[in-house]
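Undergrad: any chance you can model this:
(one chain, ligands or ions: 1)
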Amino acid sequence: MTNRNLLESPRLVIDLHRVRANYQALRAALPAARIRFAVKASPVPEIIRLLNDEGAEFDVASIGEIELCIAQGVDPAVMCYGNPIKKAAHIAAARAAGVRRYAFDTEDDLARIAEHAPGAEVECRFLSSAPQSQTPFGTKFGCDPGEAKRLLVRARDLGLRVAGPYFHVGSQQTDPIAWRIGIEQAGAIAEALAVKDIPVPSVNVGGGLPISYADAAPELSELGAVIAEAFATHFPEHTELVVEPGRALVGNTGVIHAEVVNVRQAPDGRRWIYLDIGRYNGMAETENEYIAYRFETDRDDDPMDEAVVAGPTCDGDDVLYQRTRVLLPTTLRAGDPVRILDTGAYTASYSSVSFNGFPPLTVHVIGAERE
Ligand SMILES: *Cc1c(COP(=O)(O)O)cnc(C)c1O
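TA: Numbering: from 1, shown residues only. Just a heads-up that it's a prediction; the model follows:
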């Protein structure tokens, strides 16, 4: 995160004003919700400090993220160790650091939490029947909803404090129905717990809130209205709503400034454009061409034509787009600057240490942390 050469390429420039605007827009869309920032989307100290000042909570997935947040002045009491995959030693270290809230989705992990963080508050992640998102989690996380009920009863019996059910509809989820389905399923879990005299103080409806890339996504206000309405239908007024966005808070806050390294007409008959940024130094979410980023160049008034866009390493998979239709100026040539828009989430945090000798993406922060 060092500000080295201001003109180095590639670099990610993050605008803090936009982080604040996004937080305030989400607050306006869901006035009653607790907003918990998923740190993995953009673990930038300035962003963490800004959101901490705004009153956000933090979803952390590792000891590294916990330490990062503590170093920025975040109270461990507003962190949730939301990764259901954690070693006993890491639970103990989190508890020693002051973290008191954990998510789980298996009986094994629940037992480890009870042993190493006794008395902690727990959320149980269930796999909702929501439609697939654009960067889906598949079935890696979340238990069956019936199992969630059983495990939360077990949590109570182990002396833990039950927070409630939790689901994540998959990242870049563009179908608002997903939350309606998840909230309805969470409501059924809460009802079953009520029969066992276990109240549900809060429900975590996860992240997944989308932003517009090449394809437009629904507005935050629209999604907020769907979530609020479903929540009011399935939960009593005193139940707290927790949202856990990453992308929606930081995705549109960053621009990657990159450069064309080479252009060629390949034997496949297609025009290939090689950039100094690729899959391993920031563009990980082009895997399977899930996210279609928008490009901007200084020649966008010239004629446009299709191009394959590839990264700079000697790895055959380091291709950003070959199926997605990307239009770039026919006059584009080596040395030209290329800006990749809305690259504030899951870019720098995903870049490799130094694959093939290409350093990780550097981050430059502009704008005021405090207003
Ligand atoms: C990644 C993640 C999020 C944030 O997801 P977005 O799609 O970026 O909003 C929230 N919660 C957990 C547990 C996550 O792993």
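Undergrad: top helix in the chain by residue count?
TA: When secondary structure is assigned using DSSP state H, the longest helix within the chain turns out to be helix 177-195.
Undergrad: as CSV, could you dump the C-alpha coordinates of it?
TA: Output in CSV follows, covering the C-alpha atoms of helix 177-195 (Å, rounded to 0.1, in the frame of the first residue of the first chain):
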residue,chain,number,x,y,z
ILE,A,177,-35.4,-12.1,-5.3
ALA,A,178,-32.3,-13.8,-3.8
TRP,A,179,-32.6,-11.8,-0.6
ARG,A,180,-36.4,-12.4,-0.5
ILE,A,181,-35.8,-16.1,-0.6
GLY,A,182,-32.9,-16.1,1.9
ILE,A,183,-34.9,-13.9,4.4
GLU,A,184,-37.9,-16.1,4.2
GLN,A,185,-35.7,-19.2,4.9
ALA,A,186,-34.1,-17.3,7.8
GLY,A,187,-37.5,-16.5,9.1
ALA,A,188,-38.5,-20.2,9.1
ILE,A,189,-35.3,-21.0,11.1
ALA,A,190,-36.1,-18.2,13.6
GLU,A,191,-39.6,-19.6,14.1
ALA,A,192,-38.3,-23.1,14.7
LEU,A,193,-35.9,-21.6,17.3
ALA,A,194,-38.7,-19.7,19.0
VAL,A,195,-40.4,-23.0,19.7
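Undergrad: tell me which helix or strand comes right after that helix.
TA: Sequence-wise, the next helix or strand downstream of helix 177-195 (DSSP states H and E) is strand 202-204.
Undergrad: that following strand packs against which elements?
TA: Contacts defined by 3 or more CB pairs under 8 Å, 6 or more residues apart in numbering; DSSP states H and E place strand 202-204 against strand 161-166, helix 177-195, strand 240-243. (C-beta placed from N, C-alpha, C; glycine too.)
Undergrad: swap in 6 Å and give it another go.
TA: strand 161-166, strand 240-243 (3 or more CB pairs under 6 Å, 6 or more residues apart in numbering; DSSP states H and E).
Undergrad: so in that sheet, which strands flank the shortest one, and in what orientation?
TA: What it means is strand 240-243. Sheet pairing of strand 240-243 (DSSP bridges) gives strand 34-38 (parallel), strand 202-204 (parallel).
Undergrad: which of those strands sits closest to the ligand?
TA: Smallest distance to the ligand across the strands paired with strand 240-243 (CB to the nearest ligand atom): 3.3 Å, for strand 34-38.
Undergrad: ok so, going back, deepest of the helices and strands packed on strand 202-204, which one?
TA: Counting by mean count of other CB atoms under 10 Å, strand 161-166 has the highest mean neighbour count of the helices and strands packed on strand 202-204, with a mean of 24.
Undergrad: okay, the angle between that strand and helix 177-195?
TA: In terms of direction (axes from the mean of the first three to the mean of the last three CA atoms, to 10 degrees), strand 161-166 departs from helix 177-195 by 150 degrees.
Undergrad: counting by contacts, list what strand 161-166 packs against.
TA: strand 121-125, helix 145-157, strand 202-204.
Undergrad: cutoff 8 Å now
TA: Secondary-structure packing of strand 161-166 (3+ CB pairs under 8 Å, 6+ apart): strand 121-125, helix 145-157, helix 177-195, strand 202-204.
Undergrad: run through who's touching it.
TA: For strand 161-166, the surrounding residues in contact (CB atoms under 8 Å, 6 or more residues apart in numbering) are 101, 103, 119-126, 145, 148, 152, 155-156, 185-186, 189-190, 193, 198-204, 206, 239.
Undergrad: pLDDT at Ser354, what is it?
TA: Looking at Ser354, its pLDDT is 88.
Undergrad: OK, contacts around the nearest residue to it once chain neighbours are set aside?
TA: Once flanking residues are discounted, Ser354 sits nearest to Pro360: 7.0 Å by CB to CB, 6 or more residues apart in numbering. Shown in contact with Pro360 (CB under 8 Å, 6+ apart): Asn281, Gly282, Ala348, Ser351, Ser352, Val353, Ser354.
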